[in-house]
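Asker: the amino acid sequence is not available; the structure is as follows:
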């Protein structure tokens, strides 16, 4: 009995040692000295995809290459709030070292989930109104990032150059996106000063777009403005299917949206915007800065994009002064 007891004890000891060694090996394989980066993107569309790409490439340019010093966990919520919440909670549970939040709802979800993990946002119009920071100059907590705010006055002037007799303009946007409402309020104020009536039409999801567009057509709008709205951006073809038939031009606040359903736009460069965010993230990872002290960054140069094919289809003549601005 004694030798059997001794054998059992010896085998048990070996099992425990193997388990400990296995755990150590698994941890080394999982961590490998890499910092854990989470990316939470609201939905897929060209602008947000470009920002994502810019972020990853900026990190790599500073020595933080995926699979080397860092491990990036890419997650897309497919425009679903419950998905955003689940991803945010998982990132907190995984104890990510830093999270990139692409679009306002994604950043709000992460900000609600953690006050400790650094969150760098991008493709967000106004951080203050979205209640993500105390102020652009001094964020004050764990969130900072880059803004995609576009010049509303410049957008309206562009519309008037291409639709010079504009008297009634439609706007279409998602009722759930606070940054879309900000842009619409600004364009409405500018339009009112020029004697232009603005007709609003809102959507909850992509399935509402065609009906909302038809509502604007029925009210005889002469042009339609869309802010940098993620619901609209993911389905501009739905909007164009209605407005094109009515010969009504659409002017989005984003180049990607103009390519898939609009006529012209002054737009930020979303790749560069994401790249800016990546450079900010690199400073945080290196311990050179904290989000609370990093001012929100904006782009200063805006790119004019003209969709010549759609302009021709709608009978819109592009003035030479605008063509000279196209790069």
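Answerer: Ah, there it is. Small disclaimer: the values here were computed from a predicted structure and weren't measured.
Asker: what's the following helix or strand after the least confident helix or strand in the chain by mean pLDDT?
Answerer: Each helix and strand of the chain was given a mean pLDDT (mean pLDDT, DSSP states H and E); the minimum falls on helix 2-31 at a mean of 41. Toward the C-terminal end, the helix or strand that comes next after helix 2-31 (DSSP states H and E) is strand 35-41.
Asker: any idea what sits nearest residue 203, other than its immediate chain neighbours?
Answerer: Distance criterion CB to CB, 6 or more residues apart in numbering; nearest residue to residue 203, sequence neighbours excluded, is residue 212 at 4.9 Å. The way it works is simple: take the backbone N, C-alpha and C, and place the C-beta from them, glycine included.
Asker: what helices or strands is the host helix or strand of the one you found leaning on?
Answerer: Here residue 212, judged by DSSP H and E, is contained in helix 209-218. With contacts defined as 3 or more CB pairs under 8 Å, 6 or more residues apart in numbering; DSSP states H and E, the secondary structure elements packing on helix 209-218 are strand 168-174, strand 197-203, helix 236-243.
Asker: just give the closest residue to the one residue sitting closest to the centre of the chain, not the sequence neighbours.
Answerer: Relative to the mean C-alpha position of the chain, the nearest C-alpha, by CA atoms, centre = their mean, is the one of residue 103, at 3.0 Å. Counting by CB to CB, 6+ apart, residue 42 is the residue found nearest to residue 103 once chain neighbours are left out, at 3.8 Å.
Asker: ok, that neighbour - contacts?
Answerer: 48, 76, 77, 79, 84, 102, 103, 104, 105, 106, 230 (CB atoms under 8 Å, 6 or more residues apart in numbering).
Asker: what's the answer for residue 53, then?
Answerer: Neighbour list for residue 53: 271, 274 [criterion: CB under 8 Å, 6+ apart].
Asker: pretty sure it sits in a helix.
Answerer: Yes - under the criterion used here (DSSP: H, G, I helix; E, B strand; the rest coil), residue 53 sits inside a helix.
Asker: quick one: it and residue 59, what's the gap?
Answerer: Going from residue 53 to residue 59 by CB to CB, to the nearest Å gives 11 Å.
Asker: shouldn't residue 65 be in contact with residue 57?
Answerer: No - here residue 65 does not reach residue 57: they are 9.7 Å apart, not a contact under CB atoms under 8 Å.
Asker: before we move on, back to that, got phi/psi on the residue nearest to residue 103?
Answerer: Reported as degrees, to the nearest 10, the phi and psi values for residue 42 are phi -60, psi -50.
Asker: what pLDDT does it get?
Answerer: Residue 42 is assigned a predicted lDDT (pLDDT) of 97.
Asker: got the buried residues for the helix holding residue 212?
Answerer: 209, 212, 213, 215, 216, 217 (16 or more other CB atoms under 10 Å).
Asker: with pLDDT and distance to residue 91 added, can I get these in a markdown table?
Answerer: Shown next, in a markdown table, are the buried residues of helix 209-218 (pLDDT from 0 to 100; distance: CB to CB, whole Å):
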| residue | pLDDT | distance to residue 91 |
| --- | --- | --- |
| 209 | 97 | 31 |
| 212 | 97 | 34 |
| 213 | 97 | 36 |
| 215 | 97 | 39 |
| 216 | 98 | 39 |
| 217 | 97 | 43 |
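Asker: out of these, which comes closest to residue 188?
Answerer: Nearest to residue 188 among the buried residues of helix 209-218, counting by CB to CB, is residue 216 at 14.4 Å.
Asker: mind listing what the residue nearest to residue 165 when sequence neighbours are not counted touches?
Answerer: For residue 165, the nearest residue in space outside its immediate sequence neighbours is residue 222; the separation is 7.3 Å by CB to CB, 6+ apart. Contacts for residue 222 were tallied using CB under 8 Å, 6+ apart; they are 163, 165, 166, 167, 168, 169, 248.
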